[in-house]
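Enquirer: Structure of the sequence below:
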Amino acid sequence: LAAGIATRDEDSEIFDAVLDLIQTRYVPVRNYVYAGGAYHQGGSYVTARFGNDLTAMWMLSKIGMGNIFDSKIKDVAYEMIYRYRPDGQVLPNGDMNPNRRLNTRSYAWIGMLAGSYFHDQYLQWMYDLDPDIENHCVMLDLLWHDFNLQSRKPDSNLPLVRYFGTPYGWNIARTSWDDNAVIAEMKVGEKFFGNHQHADAGSFQIYSKEPLAI
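Expert: Predicted structure coming up:
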């Protein structure tokens, strides 16, 4: 896509071919899986894979096409907020690198891309927790980051329960947004897409001061 945009004025062949692929095969599938407001490929893969969708959205918006995805793509980023635990880790989901789970900066890239695009202070909060962007992404951080956007910690204006509908059927509920929060997740699991998603329909997690059920 980047190469197609770069050479579009001289020869639009690459851009036209890639855009057709994105519009006919890529976007419809993403809109289906993102309709539930969650990400299915695991907590260690959301930054790269969901981040790539957000990057494509940004690039095409910058050439005047607007958001190529359904508006539900913004809700997917909120799943990350609901997974944060008071101990600084997140509720594991799918394939998770243990070191990644310990490192909240792993969602900074999502927070910047989605927060700045949608001018959302809660998503900007994910970035500000530890705004350390990987070296190969720093240029896009400079280009697209809304440095005037103030972050906002999750607070009483955010519901304590988040339901992630079809094609997931997942639910995360918490007693508060403070350090004493008790958090529970229950997965019904409507669809299993494979790859880094786990076949974990019917599973649950409970956190209260420490992981009680994992």
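
Enquirer: contacts, neighbours, all on C-alpha from now
Expert: Noted.

Enquirer: Any stretches of the protein with poor pLDDT?
Expert: Applying pLDDT under 70 to the chain flags residues 100-105.

Enquirer: can you map out the helices along it?
Expert: Assigned by DSSP state H, the helices in the chain fall at 2-6, 13-21, 27-34, 51-62, 73-83, 98-101, 108-118, 121-129, 138-144.

Enquirer: what's the angle from the fourth one to helix 108-118?
Expert: Relative orientation of helix 51-62 and helix 108-118, computed by axes from the mean of the first three to the mean of the last three C-alpha atoms, to 10 degrees: 30 degrees.

Enquirer: how much distance is there from helix 51-62 to the middle of the chain?
Expert: Per C-alpha atoms, centre = their mean, to the nearest Å, the displacement of helix 51-62 from the mean C-alpha position of its chain is 13 Å.

Enquirer: Let's see it as PDB, backbone CA atoms only.
Expert: Output of helix 51-62 as PDB, limited to C-alpha atoms (Å, rounded to 0.1, in the frame of the first residue of the first chain):
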ATOM      1  CA  GLY A  51      -1.900  -1.800  14.300                       C
ATOM      2  CA  ASN A  52      -1.400  -2.600  10.700                       C
ATOM      3  CA  ASP A  53      -5.100  -2.100  10.100                       C
ATOM      4  CA  LEU A  54      -5.000   1.200  11.800                       C
ATOM      5  CA  THR A  55      -1.900   2.200   9.800                       C
ATOM      6  CA  ALA A  56      -3.700   1.400   6.500                       C
ATOM      7  CA  MET A  57      -6.700   3.400   7.800                       C
ATOM      8  CA  TRP A  58      -4.400   6.400   8.400                       C
ATOM      9  CA  MET A  59      -2.600   6.200   5.100                       C
ATOM     10  CA  LEU A  60      -5.800   6.000   3.000                       C
ATOM     11  CA  SER A  61      -7.300   8.800   5.100                       C
ATOM     12  CA  LYS A  62      -4.300  11.000   4.400                       C
END
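
Enquirer: ok, the residue nearest to the spatial centre of the chain - contacts?
Expert: Taking C-alpha atoms, centre = their mean, the centroid of the chain lies closest to Ala77, which sits 3.5 Å from it. Neighbouring residues of Ala77 by C-alpha atoms under 8 Å, 6 or more residues apart in numbering: 37-38, 110-111, 114, 123.

Enquirer: quick check, nearest of those residues to Val46?
Expert: Among the contacts of Ala77, Ile110 lies closest to Val46 (C-alpha to C-alpha), at 8.2 Å.

Enquirer: Is the closest one in contact with Gly51, as I believe?
Expert: Yes - using C-alpha atoms under 8 Å, Ile110 makes contact with Gly51 at a distance of 6.0 Å.
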